[in-house]
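**Q** Build me a structure from this.
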Amino acid sequence: MLTLRRSEVRGHFDFGWLDTRHTFSFGEYSDPAHHQFRALRVINEDVVAPGQGFGTHGHKDMEILTWVLEGALEHQDSLGTKGIIRPGEAQVMSAGTGIRHSEYNASKSEPVHFLQIWMLPEARDLKPRYDQVAFPDDRFRNTWGLIASRDGGDDSVKVFQGLKIHVARLDAGAQLARELEPSRFGWLHVAKGSVLANGQALKAGDSLALEAESRLGLEATESSEVIYFDLE
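**A** Below you'll find the model as predicted:
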């Protein structure tokens with residue numbers, strides 16, 4: 001079964017310094033029909049103005065993955081971690097018993113465009129942790145590249161949940177397929193460009209839920225970037 005979630009029906013708020021779109025219920029945006037998908041709780045697409053950002057705030061009992069699409073995001077947290085996240089780098093925080101952090105646009109002249117992804121952890125009150133991994137571009141070029149997994153396989157960041165997250169960057173006209181386990185669940189999010197996914201036309205910001213499907217076939221109708229969540 002394929003269920004389409006269009007970009008334009010997501011929650012949308014423009015605060016001037018922040019233009020944000022929510023695939024699932026978040027903050028002031030509530031949609032009981034789209035509260036989460038399996039362990040996938042949040043996909044927020046954020047564009048933050050130069051020199052602006054999120055001041056220090058706390059999280060608990062959540063796996064938080066940041067994936068930058070354009071620009072650079074500066075991070076600092078209560079574990080003493082400080083750094084900059086750029087495209088092609090996966091950053092994860094296991095909030096566990098509690099962590100505080102801030103995120104700011106690292107540029108004074110260009111916006112930063114990124115996805116913040118929240119996943120429910122497999123257990124509560126885990127020890128907070130941070131990890132960040134930079135991947136070579138060819139890891140994703142017209143193929144699936146693993147960026148996050150429970151066991152940290154293929155040098156991916158580790159998340160405390162039974163899922164795998166793959167990214168593919170497709171040239172216009174490129175085709176890519178993956179065989180699926182019908183007992184698992186899939187969520188495809190188009191981060192950039194546009195694709196045909198099992199016959200469905202998807203554009204940037206669109207998502208497709210897959211249940212009891214045995215195959216996902218993609219064709220990029222323009223240069224595109226997609227994220228696939230393989231979920232229990």
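
**Q** what about the spatially most central residue of the chain, distance to residue 93?
**A** For the chain, residue 117 is the residue whose C-alpha lies nearest the centre (CA atoms, centre = their mean; 4.4 Å). Using CB to CB, to the nearest Å, we find residue 117 at a distance of 11 Å from residue 93. No exception for glycine: its C-beta is placed from N, CA and C like everyone else's.

**Q** what do you get for residue 118?
**A** For residue 118 relative to residue 93 (CB to CB), the value is 10 Å.

**Q** any residues in contact with both of the two?
**A** Both residue 118 and residue 93 are contacted by 63-64, under the criterion CB atoms under 8 Å, 6 or more residues apart in numbering.

**Q** Settle it for me: which of those two has more neighbours?
**A** residue 93 (25 against 20; other CB atoms under 10 Å).

**Q** Could you report the distance from the more buried one to residue 68?
**A** For residue 93, the distance to residue 68 - CB to CB - is 15 Å.

**Q** Any regions of this protein where pLDDT drops low?
**A** Within the chain, no stretch falls below the threshold (pLDDT under 70).

**Q** How about residue 10: what's its closest non-neighbour residue?
**A** With sequence-adjacent residues excluded and distances taken as CB to CB, 6 or more residues apart in numbering, residue 10 is closest to residue 21, at 4.7 Å.

**Q** I'd say the one you found and residue 42 touch.
**A** No. In this structure, residue 21 is not within contact of residue 42 by CB atoms under 8 Å, at 11.5 Å.

**Q** roughly how far apart are the residue nearest to the centre of the chain and residue 124?
**A** Residue 117 is 19 Å from residue 124, by CB to CB.

**Q** Output the contacting helices and strands for the helix or strand hosting residue 65.
**A** Assigned by DSSP states H and E, residue 65 belongs to strand 63-70. Contacts defined by 3 or more CB pairs under 8 Å, 6 or more residues apart in numbering; DSSP states H and E place strand 63-70 against strand 89-94, strand 112-119, strand 145-149, strand 185-192.
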